[in-house]
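# Model the following, please.
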Amino acid sequence: MKIVIAPDSFKESLSALEVANAIEDGFKQVFPDAQYCKVPMADGGEGTVQAMVDATQGQIINLTVTGPLGLPVDAFYGVLGQLDEDGKQTAVIEMAAASGLHLVPVNQRNPLMTTSFGTGELIADALNRGIRHIILGLGGSATNDAGAGMMQALGVTLSNMANEPLPFGGAALAALHHIDVQSCHPAIKECVIEVACDVDNPLCGPRGASAIFGPQKGATTEMIEQLDHALGHFAHTVNQQLYQSVDTHCQLHPGAGAAGGMGFGVMTILNASLKPGVDIVTNSVKLAEYCHNADLVITGEGRIDGQTVFGKTPMGVLHVAKQLNIPVIGISGCLGPNADAILAEGMHAIFAIIPALQPLEQVLSEAQVNLTNTARNIAAMLSLSLVKK
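Numbers count the residues shown, from 1 in each chain. Down below sits the predicted model:
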């Protein structure tokens, strides 16, 4: 029997690899001779770097970069342990590692001033190491600068009417007068950049970056209006100077407003493609190859609910397994409202691991043992079908 274990992390409790190990431990109590393939998974959000590094036996690169407030912060990115289908080495970067909201104290959050410069430094470091395939996860940003800081870190010149470099922050974009991409890192032209993006917001307007995500980054109503105007001016200048038009296609493109407008920045300046995060991960770790000739696939996340079917890890794993006609079981910390939506999509069964009502702290601390016990019980139930009558 071949069993593929491909879960996401259980946030604040276990990494994806730790989840996979616990499930394997439980199943081995019933099926000790089965072949187990553990493939840590993610959907492009927090934990993606660690999961993909674990899945490919890659490495973590630690680096001090410029944080959202312009001060040094400790950040990281991952280098996968296997080459992509074109023979290129791949780096996986979570922009939140360098430009995340968690790096800014609540009383200092101000998207008029915060910068994505550190994310650009992570990209530049990967390029300098010869890496030519970059997976960039958007989300959790403290910024609203359309990736302008990232561009500056990569050598793009953004200047005002006095030919002075723009300062950091979303507000400064309103003063943009000239863009020079000639000095951009030369390796960018050789690089394939995939961006994990799971929101469909445009750059500006009532559903744009400033209006929807600005408040959580510290923006007041007045700031939102100022930031939205600045993003609009930035987009107009980019379109006019780099594309000789005022085409609004990229501004309106679903995902352009992701991560404070970085979606727009990576599409226009870095020629990147935006894709669902879980699709990027499943392709990059070659999940379908692991699933070849498997008898069962087990996946999961901290909470399976009605949102799981909208691009979360279990849905991505299910999609791969269905194409290969392999049954799938989901295991989660808990089941939320409309969890059975994923059953309607073809998952065979879903299980929660919490054995009783417990304080959250206890639930998180006991996740590993509860997960192993649940996996063991599932395996025991499956073994009944193998008992000769």
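# what about the spatially closest residue to residue 324 that is not a sequence neighbour, neighbour count?
Of all residues not flanking residue 324 in the chain, residue 291 sits nearest, at 5.4 Å (C-beta to C-beta, 6 or more residues apart in numbering). Every residue, glycine included, has its C-beta placed from N, CA and C. If you count neighbours by other C-beta atoms under 10 Å, residue 291 ends up with 23.
# ranges for the strands of the chain?
Along the chain, the stretches classed as strands by DSSP state E are 2-5, 35-38, 59-66, 72-79, 90-94, 133-137, 157-159, 178-180, 192-196, 273-275, 296-304, 328-335, 349-352.
# so which of those strands comes closest to residue 112?
Proximity to residue 112 (C-beta to C-beta) singles out strand 157-159 among the strands of the chain, at 16.1 Å.
# hey, which helix is longest across the chain?
helix 221-243 (DSSP state H).
# what helices or strands is the helix or strand bottoming out on mean pLDDT in the chain leaning on?
Lowest mean confidence among the helices and strands of the chain (mean pLDDT, DSSP states H and E): helix 249-252, at a mean of 76. Using 3 or more C-beta pairs under 8 Å, 6 or more residues apart in numbering; DSSP states H and E as the contact test, the elements touching helix 249-252 are helix 221-243, helix 258-268.
# nearest to residue 202, of these?
Closest to residue 202 of those, according to C-beta to C-beta: helix 258-268, at 8.7 Å.
# Give me the angle between that closest one and strand 133-137.
Counting by axes from the mean of the first three to the mean of the last three C-alpha atoms, to 10 degrees, helix 258-268 lies at 150 degrees to strand 133-137.
# CA atoms only for helix 258-268 - export them in CSV, please.
What follows is helix 258-268, C-alpha atoms only, in CSV (Å, rounded to 0.1, in the frame of the first residue of the first chain):
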residue,chain,number,x,y,z
ALA,A,258,-2.7,42.4,-3.6
ALA,A,259,-0.1,43.3,-0.9
GLY,A,260,-0.7,47.0,-1.1
GLY,A,261,-0.6,47.1,-4.9
MET,A,262,2.5,44.9,-5.3
GLY,A,263,0.5,42.7,-7.6
PHE,A,264,0.5,45.6,-10.0
GLY,A,265,4.2,46.3,-9.5
VAL,A,266,5.3,42.7,-10.2
MET,A,267,3.2,42.4,-13.3
THR,A,268,4.3,45.6,-14.9
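# tell me the mean pLDDT over the longest helix of the chain?
The average pLDDT within helix 221-243 is 94.
# That helix relative to helix 258-268, how many degrees between them?
10 degrees.
# buried sites along helix 221-243?
Buried residues in helix 221-243, counted by 16 or more other C-beta atoms under 10 Å: 223-224, 226-228, 230-235, 237-239.
# farthest pair in those residues?
223 and 239 (24.3 Å).
# Which residues are in contact with residue 341?
306, 308, 309 (C-beta atoms under 8 Å, 6 or more residues apart in numbering).
# quick one: the nearest residue to residue 254 once chain neighbours are set aside and residue 236, what's the gap?
Spatial nearest neighbour of residue 254, excluding adjacent residues (C-beta to C-beta, 6+ apart): residue 200 at 3.7 Å. For residue 200, the distance to residue 236 (C-beta to C-beta, to the nearest Å) stands at 22 Å.
# again with residue 121
Distance from residue 121 to residue 236, by C-beta to C-beta: 27 Å.
# tell me the mean pLDDT for stretch 158-167?
Stretch 158-167 comes out at a mean pLDDT of 96.
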